[in-house]
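> Curious how this folds, go ahead:
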Amino acid sequence: MASGTVRSRERAWRADFDCAFIEGRFRDAAAIYANFAGANEQIDVVLRAAKAYLHGDPAGALQLLLKLPKAKQHQQVERDALLAEAYARTRDFESADLRLNAALDLALKLKDGDLIAAVGYRVVRRHLHNEDPVQARAALELARKGQSRRSQLYATYAETLILPYEERVVEQAERLIEFLRLLDPNSHEFVDLRAWATHALACLARELCLPQALPEIERQLGGLPWPADFAHNSFQTLKSLAWARALQGDYFNAFRHLKHASEVADTTAWKVVAACDRSYLARCFDEHRWSRVELDEAERLASRVDWNTTIAEERTGLLLLAELFGAIDASRSAMYLARYRELGDIKSSLYYRHDARRAAYAQYSTGVVEILLGNTKRGLARLRESRRVFERFGYDFRVARSLLDEFEVTRNRAMLPGIDEKLRHYRQSWLMSRLREASADAAVALPPMQHRVFEELCRGKSTLEISQALGRSRFTISNHIKQILRTFEVKSRAELLAEAMRRGLVKDVPSSTRPAAASRRNSFA
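Numbering: from 1, shown residues only. This next block holds a predicted model:
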């Protein structure tokens, strides 16, 4: 009776373990194995457990695999290949190479193409862990030796991992689309590859104009929900998809995806990032009250985060807060920028160590904040530095946004055609609206201080209020107003507002001046 109970329990935990592994719940599978497995567990079960451990605990995988007794030859190949992966993840590349050589020799001896391909895939991963794309590409031929569907899928996926190291991002996107079209989003099979590939494609669809990628990303998200192990991939996919939609003018779905991103975020820091994104997007189409609500939510969440324990891109939440507050509260903006800098460089899991994109994103945001805080020279230098990287990768919308930020400081009209060309694929985006406003403003040709006075006049402020807002004397402001009226060839503020509306320099005027402005505007009809 007792032995029957033991066998029943063994069957139960193994069934739970198999179910968790098949569904991609690798943390659960590893926990079940750790709680119930015996010292003399079957080799196939140990190998599967080691794969589960590899997703979050490579040191644990090493312990399991090193205890395995001598196995059948095909099992020995798999064991050595998994050991090599675990060693590579712990950056013991010498031990990884020893295991890979042993696994490859045995696979070649067995003349098993799928075994050779499985080892080749691990060789590719080993070299990518060491950031050596040349050796990784050389090993790709081994990964292509297999004839089974599984082998071919892993070989294709391996190539998508190599391409970003070679800065061939357009080709990477094309290969990812082809790869994902081969996978069923309603199956648990290959869930780990689907999650990572969809995540990578969404990030590229945000940076490049890839309308053909969006339906495939949506298809993968619309299938079976990804396990909690891939919550980070879900978050980044939704966040990137939101901005890809926004750049095509689809703000409804952009907000919907950003809201969903907050719901699946696995840390509070990521929720801060999502709330900042919603605040920025609301501000882009002049929903300033809504933007402030989202910003307040982001700040409330940020107060609950221990930023010293954050990793990778999570801490960009502080930089986004600095950027959003830059236009409304300089002291808070400076505070968040200082806190961000205290944490040091971002160590991103999305980009390899020497990938210039990692630094460029931070350089851009830091440059925007520096300009908003009055450090114009330093801010422009950071914008230009980040823009060189974006140009190299062909990230047109980021180049255009950086140029717009610079134009608003320098008022150099020669920049406008270049911005327009970079936005050729984004005619429905908020950036195009921003360019039209910048072009109209540029046509007025006001010096920087007169331009600021003009903006305050359009808000209906008095000479005294403008003087206080800009920190200049009433006499100086009065002189600026006289020069502005001459430039527009009008004689009063009411006529100035009407002319500004006619030229499309302002969308509306204060209600107190609207009748006079409307009368002036109608006279031009």
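
> Low-confidence regions, the stretch 201-350 of the chain specifically.
312, 345-350 (pLDDT under 70).

> er, the stretch 351-500 of the chain actually
351-354, 441-445.

> which residues of it fall in helices?
Under the criterion DSSP state H, counting those that start in this stretch, helices of the stretch 351-500 of the chain are mapped to 356-372, 376-393, 396-410, 416-422, 430-444, 448-458, 463-470, 474-488, 493-502.

> could those go into CSV alongside distance to Ser148 and mean neighbour count?
C-beta here means a position set from N, CA and C on the backbone, and glycine is covered the same way. Conversion of the helices of the stretch 351-500 of the chain to CSV gives the following (distance: least, CB to CB, whole Å; neighbours: other CB atoms under 10 Å):
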stretch, distance to Ser148, mean neighbour count
helix 356-372, 35, 21
helix 376-393, 35, 18
helix 396-410, 40, 21
helix 416-422, 45, 16
helix 430-444, 46, 17
helix 448-458, 65, 19
helix 463-470, 70, 16
helix 474-488, 74, 16
helix 493-502, 68, 21
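
> Could you export these as TSV, including distance to Asn233?
Putting the helices of the stretch 351-500 of the chain into TSV (distance: least, CB to CB, whole Å) gives the following:
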stretch	distance to Asn233
helix 356-372	18
helix 376-393	22
helix 396-410	22
helix 416-422	30
helix 430-444	27
helix 448-458	43
helix 463-470	46
helix 474-488	53
helix 493-502	48
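
> and the longest helix for the protein?
helix 2-22 (DSSP state H).

> Can you point out the buried residues in that one?
Residues 14, 17, 20-21 are the ones in helix 2-22 that count as buried (16 or more other CB atoms under 10 Å).

> Point out the least confident one among those residues.
Across these, the smallest pLDDT goes to Arg14, namely 92.

> got the contact list for that one?
Going by CB atoms under 8 Å, 6 or more residues apart in numbering, Arg14 touches Val45.

> That one and Ser8, how far apart?
Arg14 sits 11 Å away from Ser8, going by CB to CB, to the nearest Å.

> Equivalent analysis for Leu108, please.
43 Å.

> Which element, helix or strand, includes the nearest residue to Glu314 once chain neighbours are set aside?
Nearest residue to Glu314 in three dimensions, chain neighbours excluded: Ala269, at 3.8 Å (CB to CB, 6 or more residues apart in numbering). Ala269 is part of helix 268-284 when elements are defined by DSSP states H and E.

> what angle sits between that helix and helix 430-444?
Orientation of helix 268-284 against helix 430-444 (axes from the mean of the first three to the mean of the last three CA atoms, to 10 degrees) gives an angle of 50 degrees.

> for helix 268-284, packing partners?
helix 231-247, helix 251-264, helix 288-302, helix 316-325 (3 or more CB pairs under 8 Å, 6 or more residues apart in numbering; DSSP states H and E).

> who's in contact with the longest one?
Contact partners of helix 231-247, identified using CB under 8 Å, 6+ apart, comprise 195-196, 198-199, 202-203, 205-206, 209-210, 213-214, 217-218, 221, 226, 251, 253-258, 260-261, 264-266, 270, 273-274, 277, 281, 284, 350, 397, 426, 429-431.

> if we can go back for a sec, let me see the contact set for the residue nearest to Glu314.
305, 307, 310, 314-315, 317.

> Pipe those residues into TSV and attach distance to Ile484 per row.
TSV is the format used below for those (distance: CB to CB, whole Å):
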residue	distance to Ile484
Val305	46
Trp307	45
Thr310	47
Glu314	46
Arg315	43
Gly317	40
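
> got TSV for those residues, with neighbour count and distance to Leu140 too?
Listed next are these as TSV, based on neighbours: other CB atoms under 10 Å; distance: CB to CB, whole Å:
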residue	neighbour count	distance to Leu140
Val305	19	41
Trp307	16	40
Thr310	20	35
Glu314	21	33
Arg315	24	35
Gly317	28	37
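
> can you tell me which two in those residues are farthest apart?
Val305 and Arg315 (9.1 Å; CB to CB).

> residue ranges with poor pLDDT in the stretch 1-150 of the chain?
1-3.

> Would you map the helices across it?
2-22, 26-36, 43-54, 58-66, 73-89, 93-110, 113-129, 133-143, 149-162.

> want to throw these into a markdown table with distance to Gln483?
Output for the helices of the stretch 1-150 of the chain, formatted as a markdown table (distance: least, CB to CB, whole Å):
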| stretch | distance to Gln483 |
| --- | --- |
| helix 2-22 | 73 |
| helix 26-36 | 67 |
| helix 43-54 | 69 |
| helix 58-66 | 68 |
| helix 73-89 | 66 |
| helix 93-110 | 68 |
| helix 113-129 | 61 |
| helix 133-143 | 58 |
| helix 149-162 | 58 |
